[in-house]
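Visitor: generate coordinates for the sequence data below:
(chains A and B)
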Amino acid sequence: MPASLLFINMSGKIAIKLEDVYKSYYLANGEEIPVLKGISLEIKQGEFVAIMGESGGGKTTLLNVVGCLHPLTKGKYFLDGENIGDVKDDFTLAFIRNKKMGFVFQQFNLFSRFTALKNVALPALYAGMPSEERLEKAKKLLKSVGMGERVNHRPTELSGGQQQRVAICRALINDPEIILADEPTGALDSKSGIEVMEIFTNFKKQGKTVVMVTHTAEVAKYADRIIFLRDGQVLSHNYQLKSSY
Amino acid sequence: MAFESLLAKKTRTLLSMLGIIIGVATVIAVFAVGKGAQESVNSQFQNLSANSILIMPNRGRGFTSSSKLATGDAQLLLSADHISSATGAIQGNATVSYGATDKSYGVVGVDANFITISNLIVEQGRGIEVDDVENKTTVAVVGSTVVSDLFSDGTSPIGTEITVGGKKIEIVGVLKKLGSRIGMISVDSAVIIPSTTAEKSILGSKGQVMITTTVDNVDNTAAATSSIVSLLRTEHKLKTTQENDFQIMDAGSMVAAAQESAKTMTALLTAIAAITLLVSGIGIMNVMFVTVAERTKEIGIAKAIGGKQADILSQFLLESVILSMVGGLIGMGIGQGAIPIISYFDWISMASSWTGPLIGFSFSVLVGVFFGFYPAFKASRLDPVDALRSE
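Guide: Numbers count the residues shown, from 1 in each chain, chains lettered A, B, ... in the order given. Prediction:
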């Protein structure tokens, strides 16, 4: 597989490495629907990678596998050099999702009953951070994305762009090394989308690894590199957008 | 967090609490009724010594349509084995009037030794004496309620003449407030007169005869009972085929019977309370399943941001426990609040206790944990990706 060999000699620590990963869904009648069919890839620490591909190609499934939301059907998943592909224990997986990664969704997925502040603080509650400390930290994070005035607003009282900034703060509260984003600008107008992408490019400066699923070239171009999937396999590890973009 | 979720669905929360509220209120009622029954049994029999044997007429069953039992039989029973004392009494109801007040009270015609044998205490004046019985005097010893009813102005009742069943009677004594009963009549609202006077002119044949005897030793109760039966059967000239025209009860078995019936009532109510709590638990389980289904997406989000199965389990479990605990507290309030009201109207004898609310509340929490566990467990095991996809 020459494509995967491309990156082996690159410098920098490997944050995420998948080796021949398969993921299938099973229908109620037991029928197997393979989605990921032998994916191998490496993402270095501090790299901003966009995952593109046709719909149904396995982008979101790949992100969920990397985010430890899905167990692998087959293959190896090295996180910081450790194979966690066959870890089934909820406590460990929840710990990884909580401390190592931060998730940003297309539909923000904020808790509508909670204020922005409480939404941001929630992962820290799961991490066992004392109440005062986590609320203080949440406030600081919200301020850093220009939401300092709206800490006590509920999601319904915020615009899409504001909600996504709250969601980004939530992803950041436990200082994860990896940010996983599934179409983070998909539900935003272009101005808010640009603001969100600017926050994402800032992560790189902080040394955070970003893996973002998108189908939009304008968004993908913020990334250092584009991994292109087709039919559950990696078509390209460094996909070049057409010059028209 | 749990509180916020519950407050968001007020109507549902309240409705699902209703079962618990009723259940806990029932538990409290059960204990109050149980304790009340126990107390009323105790007070009913407090003037009855353990070594008393009571004889009452047996009417209206089979061919023994009438009873020959009379207060005079008491004298005869003094000769029964192991009997150390015997006193006859006749009881019924009569209208008592004094001044402008007319009221019906229980009237008890007694022998001279009745007051002592029945453990009654004369607080003012004197009791009924031998001369009164022999001479059919028109005197009365009255209970404390009678005094407070008739002499509300505070005048001393001693020496006052009242009308009992149309006959003028002089009050010569007042009984101490006891709360106990003589047969069906409460001591405190009784008018006690000589038995001869009662039989002759006030109660006549309408009165119910009751003979109280005491056994020299509780262990001899059975022997004394059979001796009494044979003496009375001979006296009443009953053929061997005839049933007794009297019923005989010893204090021990009367207390036991009353306690037994109090226990049965408590058992019945306990069963009702248990069923109510069970049903309310199923209600809570149902509501929790609906809640979990509704919040599937939230569960997915919670998992994606690092919520452990244990976090999600405890979140939902906490909600069901809060639900049942708040319901339990409200039920406690209603249950405890109802006791004085029910007691005031004297519908059923109740006494508040600490055990009722304590057990009721603990059970409500237990119901919350028990019936909340399965939905919470299911929620915690949801697949995060499936949960995130749901709307």
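
Visitor: can you list the residues of chain A near chain B?
Guide: Chain A comes close to chain B at residues A:64, A:67, A:69-70, A:90-91, A:94-95, A:97-99, A:102-103, A:105, A:109, A:111, A:113-114, A:122-123, A:126-127, A:170-171, A:174, as judged by Cβ under 8 Å from any Cβ of the partner chain. Quick note: C-beta positions are derived from backbone N, CA and C, even for glycine.

Visitor: show me the residues you listed that map onto helices.
Guide: Among the residues of chain A next to chain B, the members found in helices (DSSP state H) are A:64, A:90, A:91, A:94, A:95, A:122, A:123, A:126, A:170, A:171.

Visitor: excluding covalently adjacent residues, which one is nearest to residue 27?
Guide: Defaulting to chain A. Nearest residue to residue A:27 in three dimensions, chain neighbours excluded: residue A:33, at 6.5 Å (Cβ to Cβ, 6 or more residues apart in numbering or on different chains).

Visitor: try again with chain B
Guide: Among residues not flanking residue B:27 along the chain, residue B:360 sits closest, at 3.6 Å (Cβ to Cβ, 6+ apart).

Visitor: tell me the SS of residue B:92?
Guide: Assigned by DSSP: H, G, I helix; E, B strand; the rest coil, the conformation of residue B:92 is strand.

Visitor: next helix or strand past the longest helix along chain B?
Guide: Across chain B, the longest stretch assigned as helix under DSSP H is helix B:251-294. For helix B:251-294, the following helix or strand on the C-terminal side (DSSP states H and E) is helix B:296-304.

Visitor: correct me if wrong: residue B:281 contacts residue B:373.
Guide: No. Using Cβ atoms under 8 Å, residue B:281 is not in contact with residue B:373, being 10.7 Å away.

Visitor: in the stretch 201-350 of chain B, what residue is nearest chain A?
Guide: Per Cβ to the nearest Cβ, residue B:306 is where the stretch 201-350 of chain B lies closest to chain A, at 2.3 Å.

Visitor: what comes into contact with stretch B:108-115?
Guide: Residues outside stretch B:108-115 that contact it (Cβ atoms under 8 Å, 6 or more residues apart in numbering or on different chains): B:71, B:74, B:85, B:87-91, B:120, B:122, B:127-130, B:132-133, B:141, B:182, B:185, B:190-199, B:202-203, B:207, B:212.

Visitor: ok, 7 Å please
Guide: The contact list for stretch B:108-115 (Cβ atoms under 7 Å, 6 or more residues apart in numbering or on different chains) reads B:71, B:74, B:85, B:87-91, B:122, B:127-130, B:133, B:182, B:185, B:190, B:192-195, B:197-199, B:203, B:207.

Visitor: what segments of chain B are helices?
Guide: B:2-8, B:10-44, B:73-77, B:114-117, B:130-135, B:144-150, B:195-197, B:221-235, B:251-294, B:296-304, B:309-345, B:355-380, B:384-389.

Visitor: which other helices and strands does the last one contact?
Guide: Contact analysis of helix B:384-389 by 3 or more Cβ pairs under 7 Å, 6 or more residues apart in numbering or on different chains; DSSP states H and E lists helix B:296-304 as its packing neighbours.

Visitor: quick check: angle from the helix it packs on to helix B:355-380?
Guide: Orientation note: helix B:296-304 sits at an angle of 80 degrees relative to helix B:355-380 (axes from the mean of the first three to the mean of the last three Cα atoms, to 10 degrees).

Visitor: low-confidence stretches in the chain?
Guide: Unless you meant another one, I'm taking chain A. Where chain A drops to pLDDT under 70, the residues are A:1-11, A:243-245.

Visitor: nope, chain B please
Guide: Ranges of chain B meeting pLDDT under 70: B:1-2, B:44-48, B:59-66, B:183-184, B:346.

Visitor: so where's the longest helix in chain A?
Guide: As assigned by DSSP H, the longest helix anywhere in chain A is helix A:190-205.

Visitor: which strands border the helix or strand that it is followed by, and is each parallel or antiparallel?
Guide: Remark: after helix A:190-205, the chain's next helix or strand is strand A:209-213, criterion DSSP H and E. Its sheet considered, strand A:209-213 pairs with strand A:48-53 (parallel), strand A:178-182 (parallel) by DSSP bridges.

Visitor: beyond strand A:209-213, next helix or strand please.
Guide: In N-to-C order, the element after strand A:209-213 by DSSP H and E is helix A:217-220.
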